[in-house]
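*Asks:* sequence first, then the predicted structure, then my questions.
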Amino acid sequence: MVVLVRHGQTLWNISNRAQGHIDIELDETGHKQAQLLANRLCELQIDKVFTSDLKRCLQTIQPFCERGQPEVQMRPDLRERTFGDMEGADYVELHAWMREEGRRLGVPDYEVRPPNGESMLDVWARLDGIVQELRDVTKNVLVVSHGGALAQLLARLMYGTHETPRMFRFSNCSVTTLNRREDRSFMLGAFNDCCHLEATNEAPKVG
């Protein structure tokens, strides 16, 4: 089984700002979510952990690791897409710019790179290594990453196209599970599950 988890809430999530590679920490709600997530993960018999090396992911997995769980491997390839010079921009404005830039260049918006940033296509390629590892590993693996990167990763594991990530929205500290078949393909078990957050009103209200 592969378990995908998006990091806990940050102040920039609330304000709808593009975080990218900026090393934002969890806010108070995010830390509470991480504690509740640890309870859920302890039920899943995780054997190995891959995580983005940015603070918001490391802080999300910390309560789980403090309970003596498996070793954590930090993976820069699991970072969110970098928006380069446009990091910190409001997402509405950023997406409008990318659509307009795509029209100007005559390319799909998943090929558009912000100045000094990455396109979605770049992130798709960046995930080559982790995709191969997840197909090969037979143990239960936890992957802690970011909304955009997880959408790309899930699309690749499900043999989707460059358009498929548009279908996926991950809430903060949500859990998505994939069950491995004998042919190394995956079947979706649970998607964007936040039930572990609901009892204490820490469930995120938006994706």
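*Replies:* In hand now; what should we look at?

*Asks:* please enumerate the strands of the protein.
*Replies:* Along the chain, counting by DSSP state E, strands occupy 2-6, 48-51, 72-74, 141-145, 175-180, 186-193.

*Asks:* can you name the residues bridging to residue 48?
*Replies:* residue 141 (DSSP bridges).

*Asks:* burial count for it?
*Replies:* 16 (other Cβ atoms under 10 Å). Every residue, glycine included, has its C-beta placed from N, CA and C.

*Asks:* got it, and residue 74?
*Replies:* Residues contacting residue 74 under the criterion other Cβ under 10 Å number 15.

*Asks:* what's near enough to touch it?
*Replies:* 51, 52, 53, 58 (Cβ atoms under 8 Å, 6 or more residues apart in numbering).

*Asks:* please redo it, this time with the cut-off set to 10 Å
*Replies:* If you count contacts by Cβ atoms under 10 Å, 6 or more residues apart in numbering, residue 74 has them with 49, 50, 51, 52, 53, 54, 57, 58, 61, 144.

*Asks:* most neighbours out of those, which is it?
*Replies:* Result: residue 144 is most packed of these (other Cβ under 10 Å), 29 neighbours.

*Asks:* that one and residue 98, how far apart?
*Replies:* For residue 144, the distance to residue 98 equals 26 Å [Cβ to Cβ, to the nearest Å].

*Asks:* where does this protein have low pLDDT?
*Replies:* For the chain, applying pLDDT under 70 flags the ranges 69, 199-207.

*Asks:* wait, residue 80 touches residue 52, no?
*Replies:* Yes - with contact defined as Cβ atoms under 10 Å, residue 80 counts as touching residue 52 (7.3 Å).

*Asks:* what do these two both touch?
*Replies:* Residues touching both residue 80 and residue 52 (Cβ under 10 Å, 6+ apart): 7, 21, 145, 146, 149, 150.

*Asks:* in contact with the nearest residue to residue 188 once chain neighbours are set aside, which residues?
*Replies:* Excluding the flanking residues, the one nearest residue 188 by Cβ to Cβ, 6 or more residues apart in numbering is residue 178, at 6.1 Å. By Cβ under 10 Å, 6+ apart, the residues touching residue 178 are 1-4, 134, 141, 143, 154, 157-158, 185-191.

*Asks:* same question, residue 80
*Replies:* 7, 18-22, 52, 54, 56-57, 87, 118, 123, 145-150.

*Asks:* mind doing that once more with 7 Å?
*Replies:* By Cβ atoms under 7 Å, 6 or more residues apart in numbering, residue 80 lies in contact with 19, 20, 21, 146, 148, 149.

*Asks:* let's check: the centremost residue of the protein is which one?
*Replies:* With distances taken as Cα atoms, centre = their mean, the residue of the chain nearest its centroid is residue 146 (2.7 Å).
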